[in-house]
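> My questions concern the predicted model and sequence given below.
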Amino acid sequence: MKEKVFNVSGMKCKHCVMTVTEAVSEVEGVQSCDVSLEKGTVTVKFDDTVDESEISSAIKEEGFGVA
């Protein structure tokens, strides 16, 4: 199991948190996703079948920035 913290820009409200959570959770192989609006981070636990770029892409597709 891997864990990675992504810095996400553009999240302004709880709706943004829900949108990011749903997008990341839909990536096959993601075990958990914890979004912090205050910190602007998304902590994701995922298995070896997931490439980090898949998670970044899922977030970017919803209109948010990933650093």
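Received the coordinates, thanks.

> So Asp48 lies in a helix, does it not?
No - counting by DSSP: H, G, I helix; E, B strand; the rest coil, Asp48 is not found in a helix; it is coil.

> can you give me the strands in the protein?
With DSSP state E as the criterion, the chain has strands at 2-9, 30-36, 41-46, 65-66.

> Could you list the buried residues of the second one?
Looking back up the chat, that one is strand 30-36. Val30, Cys33, Val35 (16 or more other CB atoms under 10 Å). All C-beta atoms are positioned from the backbone trio N, CA, C, and that covers glycine.

> what angle do the longest helix along the chain and strand 30-36 make?
As assigned by DSSP state H, the longest helix anywhere in the chain is helix 14-25. Compare the direction of helix 14-25 with that of strand 30-36 by axes from the mean of the first three to the mean of the last three CA atoms, to 10 degrees and you get 160 degrees.

> which one of the buried residues of strand 30-36 sits closest to Thr49?
Val30 (9.9 Å; CB to CB).

> separation between the closest one and Thr19?
When distance is defined by CB to CB, to the nearest Å, Val30 is 15 Å away from Thr19.

> Ok, Met11 next?
Applying CB to CB to Met11 and Thr19 gives a distance of 9 Å.

> And these two? Which one has more around it.
The neighbour count for Met11 versus Thr19, taken as other CB atoms under 10 Å, is higher for Met11 (23 against 17).

> Kindly provide the whole-number mean pLDDT of stretch 37-47.
Averaged over stretch 37-47, pLDDT sits at 97.
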